[in-house]
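> Give me a 3D structure for the following:
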Amino acid sequence: MATEPTTVQRAPWAKRLGSARIYLGVLVVLVWGLGPFYWMAVTAFRDPVYQFDNTPWPTHVTLENFRNAFDTSRGNDFGKALINSVIIGACTTAIALVIGIFAAYALARLTFRGKYVVAGLILSASMFPVVVLVTPLFQLFTNLGWIGEYQAMIIPNISFVLPMTVYILASFFTELPWELEEAARIDGASKMQAFRLVMLPLAAPAVFTTAILAFIAAVNEYLLARLLSSDQTEPVTVAIARFSGNNPLVQPYAAIMAAGTIVTIPLVIMVLLFQRRIISGLTAGGVKS
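Numbers count the residues shown, from 1 in each chain. Here you go, the predicted model:
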């Protein structure tokens, strides 16, 4: 006589242990990720005289470091560097998205010879070490007279963020229901109209996610910007590294931490506000129905 299968019930202690492991893992990730940012913020609000104080909570709170960060009397022009970073990041993101959307759509929708070779080359480009490109790019832009110009930093940044853009968007486009595009074509829409009016709006979460990640990657670039920028076009990464204080033998760490906090806080707020879109954009192409 057949017996009905029974469901094994987990003991209450086993459930509590599983939940404790999850919360412990989340706590470790939070401390690991937000710990450096917390210490940077604490030091940013601390009096410069006590900048080496290792008290783990805010003490001797002051706004002097933020004033010093924007002070131009010592050769630091942090405000101009912020504008430069926005210009470089916005241009890089916009151009990479325009190229990446069409490239990703072609890889996901079209069938042509060497398709997977092209996809592999695009992905391998993101693994190429940046330091190897420093000398060739410096020589090339010197010959073109671009050293110290915005394009000398925007063009290399595009090549760095474009593989990521194509990779994320191609994964998303592959999972989109192509029946909607075919229905639009039957209704009389051209290929471009079907793509622009039907497919592109459906890909908005992935496009938004890619734009955020590409902008952050462009703003964080330092190595090439250090060599290819000038005092008028240097981004915040270079400007912070060049900070100087009253004493040339002592680094103004508190002012540097204040500048880093100013740069980081908008990015953290942006990620927190749009975390649902970011997560949906990164995971939408990874699960098949």
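> from memory residue 162 sits against residue 97, does it?
No. Residue 162 is not in contact with residue 97 according to C-beta atoms under 8 Å; the separation is 9.4 Å. C-beta coordinates here come from the backbone N, C-alpha and C atoms, glycine included.
> Enumerate the positions of the strand or helix carrying residue 117 that are buried.
Assigned by DSSP states H and E, residue 117 belongs to helix 115-125. By 16 or more other C-beta atoms under 10 Å, the buried positions in helix 115-125 come out as 119, 122.
> neighbouring contacts of it?
Residues from elsewhere that reach helix 115-125, judged by C-beta atoms under 8 Å, 6 or more residues apart in numbering: 103, 107, 159, 162-163, 166-167, 170.
> Recalculate using a threshold of 6 Å.
107, 163, 166 (C-beta atoms under 6 Å, 6 or more residues apart in numbering).
> Work out the gap between it and the centre of the chain.
22 Å (C-alpha atoms, centre = their mean, to the nearest Å).
> What average pLDDT does it get?
Throughout helix 115-125, pLDDT has a mean value of 82.
> heads up, I number from 57, so please use that
Done: numbering now begins at 57, and the last item shifts to helix 171-181.
> need the next SSE after that helix, C-terminal direction.
That would be, after helix 171-181 and using DSSP H and E, helix 190-200.
> Tell me the spacing between residue 167 and residue 176.
16 Å (C-beta to C-beta, to the nearest Å).
> Quick one: low-confidence residue ranges for the stretch 57-206 of the chain.
57-67 (pLDDT under 70).
> Residues in contact with the host helix or strand of residue 236: which ones?
Assigned by DSSP H and E, residue 236 falls within helix 234-242. For helix 234-242, contacts defined as C-beta under 6 Å, 6+ apart pick out 250, 254-255.
> Next SSE downstream of that helix?
Downstream of helix 234-242, the next assigned helix or strand under DSSP H and E is helix 247-250.
> What are the buried residues along that following helix?
For helix 247-250, by 16+ other C-beta under 10 Å, it's residue 250.
> Packing partners of it?
With contacts taken as 3 or more C-beta pairs under 6 Å, 6 or more residues apart in numbering; DSSP states H and E, helix 247-250 sits against helix 234-242.
> what comes up buried for the helix it packs on?
So helix 234-242, judged by 16+ other C-beta under 10 Å, has buried residues 237, 240.
> Run the chain-centre distance for that helix.
Taking C-alpha atoms, centre = their mean, one finds the center of helix 234-242 at 34 Å from the center of the full chain.
> just stretch 116-128 next, same as before
Taking the mean of its C-alpha atoms, stretch 116-128 sits 27 Å from the chain's own mean (C-alpha atoms, centre = their mean).
> repeat for stretch 174-189
With C-alpha atoms, centre = their mean, you get 17 Å for stretch 174-189.
> Quick one, which of the contacts of helix 171-181 are buried?
163, 219, 222.
> from the residues you listed, which is closest to residue 97?
residue 219 (33.0 Å; C-beta to C-beta).
> show me what contacts that closest one?
178, 181-182.
> let's see 7 Å
By C-beta atoms under 7 Å, 6 or more residues apart in numbering, residue 219 lies in contact with 178-179, 181-182.
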